[in-house]
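A.B. asks: Coordinates only, no sequence provided:
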């Protein structure tokens, strides 16, 4: 560990103690590994692989340009979140920020929203991995029951790795990110070269409406073009996951905010290049648009079946890294809320194994939640969880920005830490406007009703436990451990 990292770790540990917590988690994540946590959660390859078919069917190939708009908006959100991450390096991220800068009741709502979003994300990512990558890779016919069994096995393996070592999680995540960066760049170059040599494909695809040509309500609110934003909105999220691992970062004041912003920017640029290459390489737009896996179909057409299978291997690894990071960050949220006695079974969920220095019960809980979801949700209902997660993330990010605008004047400034300076107010206001637009885009289609109802149901379930705390354990929602003014000036 460098001298700078040592000083950063000591300062972060001191603030952890000032907040009333004994530093129990092991600081093993370096700067790249912290970046990898956020980048792996975003996972450009996974997001594009899973939603490119929706873009082609709803808006046609031209819909890829909405990625640029989403990328700019999400970068604004990331800049605001990085402001908090640079000042409050505690596991629990938004839960801690709201609890200490607003009040514990508001913080509890932030924590519950994040827990639901992340817990659903584990199942969504791993089920998509099973059905979209592993089963096609091994030549298995589509079958929901088989996909769920594979999902369960994957979640269990991820949980074992997360429990065993945070350092191991960081190494695997870094490997997944490195492979993803290489495969996306190589595929993009390969597609450009293949099109140039064969002449099959067209730059004109970039402005084509494809199978949506002449479709009614294409430009309407909730119409096809607007629906294509789901690719960016479902992909460029989760960049705040690095903040949830702040108590395991060597120098969180610098590495975490840089990871949050850097992961969004890197994913945005890389994703756009990949999307342009894919779209230009389409030989037959109607046929590819009708495919359940258009990315694989394009690669098969241009680069052959060997490259298609190589992509599936890389995608499976990227899926695995994304699911593992989601599980790890969710367990840290459970741990953070439990050590404040604000989560069900908190005495158990706050336990950290002294040997592995990881929260084992909190990790096992996420596995149990996944098993329950797969047992109770029928048919393709698991697919709805993608939209549910997008709704929850939009609400959470908007709430974080509102919180920042409310408390920014009394936030302490740390020398050398990430700081927007005089740009903080215009960036925060722009991010808030963008968050409102995102929420409108997500909820406006009539097909979003089921997802909205599921999201409301999750909030109601949390509200019941919140009511229990208010009536029987009110003291835990009235005070914060440690120095209440440690992050204020």
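C.D. replies: Nice, thanks for sending it over. What you see is a predicted model, and the numbers here were worked out from it, not measured in a lab.
A.B. asks: Leaving out chain neighbours, which residue sits closest to residue 315?
C.D. replies: With C-beta to C-beta, 6 or more residues apart in numbering as the criterion, residue 315 has its nearest non-adjacent residue at 4.8 Å, and that residue is residue 133. Placement of C-beta: from N, CA and C, glycine included.
A.B. asks: how close does the one you found sit to residue 330?
C.D. replies: Distance, residue 133 to residue 330, by C-beta to C-beta, to the nearest Å: 22 Å.
A.B. asks: go on, residue 148?
C.D. replies: 19 Å.
A.B. asks: quick one: which of these two has more around it?
C.D. replies: Each of residue 148 and residue 330 has its neighbours counted (other C-beta atoms under 10 Å); residue 330 has more, 27 against 22.
A.B. asks: before we move on, what SS does that one have?
C.D. replies: Look at residue 330: counting by DSSP: H, G, I helix; E, B strand; the rest coil, its state is helix.
A.B. asks: In this structure it contacts residue 116, no?
C.D. replies: No - the criterion here is C-beta atoms under 8 Å, and residue 330 misses it with residue 116 at 9.5 Å.
A.B. asks: From one end of stretch 207-218 to the other, what's the distance?
C.D. replies: Start-to-end span of stretch 207-218 (C-alpha to C-alpha, to the nearest Å) is 15 Å.
A.B. asks: Quick check: buried residues in it?
C.D. replies: 208, 209, 210, 211, 212, 215, 218 (16 or more other C-beta atoms under 10 Å).
A.B. asks: which residues make contact with it from outside it?
C.D. replies: 56-62, 223-225, 285-286, 289-290 (C-beta atoms under 8 Å, 6 or more residues apart in numbering).
A.B. asks: what about residue 235, how many neighbours?
C.D. replies: 26.
A.B. asks: For residue 390, see how far away it is.
C.D. replies: For residue 235, the distance to residue 390 - C-beta to C-beta - is 10 Å.
A.B. asks: Any idea how many residues pack against residue 201?
C.D. replies: Neighbour number of residue 201 under other C-beta under 10 Å is 22.
A.B. asks: again but with residue 90, I slipped
C.D. replies: 24.
A.B. asks: With the one 5 residues further on instead?
C.D. replies: By the measure other C-beta under 10 Å, the count of residues near residue 95 is 28.
A.B. asks: any idea how far the one helix or strand it maps to is from the chain center?
C.D. replies: Using DSSP states H and E, residue 95 maps to helix 94-101. Between the centre of helix 94-101 and the centre of its chain there are 19 Å (C-alpha atoms, centre = their mean, to the nearest Å).
A.B. asks: just stretch 173-189 next, same as before
C.D. replies: 18 Å.
A.B. asks: got any ranges where this protein has weak pLDDT?
C.D. replies: 1-9, 379-383, 415-416, 482-489 (pLDDT under 70).
A.B. asks: Contacts only, for the residue positioned nearest the centre of it.
C.D. replies: Centroid-nearest residue in the chain, with C-alpha atoms, centre = their mean: residue 238, separated by 2.4 Å. Neighbouring residues of residue 238 by C-beta under 8 Å, 6+ apart: 38, 41, 42, 121, 325, 326, 393.
A.B. asks: give me that answer again for 6 Å
C.D. replies: Counting by C-beta atoms under 6 Å, 6 or more residues apart in numbering, residue 238 makes contact with 41, 42.
A.B. asks: Now residue 130: closest residue in space, sequence neighbours ignored.
C.D. replies: Using C-beta to C-beta, 6+ apart, the closest residue to residue 130 is residue 150 (3.8 Å).
A.B. asks: Can you point out the buried residues in the helix or strand encompassing that neighbour?
C.D. replies: Here residue 150, judged by DSSP H and E, is contained in helix 144-164. Buried residues in helix 144-164, counted by 16+ other C-beta under 10 Å: 144, 147-148, 150-152, 154-155, 158-159, 161-163.
A.B. asks: right, and the helix or strand after that helix?
C.D. replies: Criterion used, DSSP H and E; the element after helix 144-164 is helix 166-198.
A.B. asks: orientation of that following helix relative to helix 144-164 in degrees?
C.D. replies: 130 degrees (axes from the mean of the first three to the mean of the last three C-alpha atoms, to 10 degrees).
A.B. asks: Tell me which other helices or strands helix 166-198 touches.
C.D. replies: Judged by 3 or more C-beta pairs under 6 Å, 6 or more residues apart in numbering; DSSP states H and E, helix 166-198 is in contact with helix 31-42, helix 252-280, helix 294-303, helix 305-338.
A.B. asks: Output those helices as CSV; include the columns distance to residue 475.
C.D. replies: Formatted as CSV, the helices and strands packed on helix 166-198 follow (distance: least, C-beta to C-beta, whole Å):
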stretch, distance to residue 475
helix 31-42, 34
helix 252-280, 30
helix 294-303, 53
helix 305-338, 16
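A.B. asks: Mean neighbour count, these: which tops it?
C.D. replies: Counting by mean count of other C-beta atoms under 10 Å, helix 31-42 has the highest mean neighbour count of the helices and strands packed on helix 166-198, with a mean of 27.
A.B. asks: Give the other helices and strands that it contacts.
C.D. replies: helix 166-198, helix 241-244, helix 252-280, helix 305-338.
A.B. asks: what separates that helix from the chain centre, distance-wise?
C.D. replies: Worked out by C-alpha atoms, centre = their mean, helix 31-42 lies 11 Å from the chain centre.
A.B. asks: now stretch 468-480
C.D. replies: So, by C-alpha atoms, centre = their mean, the centroid of stretch 468-480 is 30 Å from its chain's centroid.
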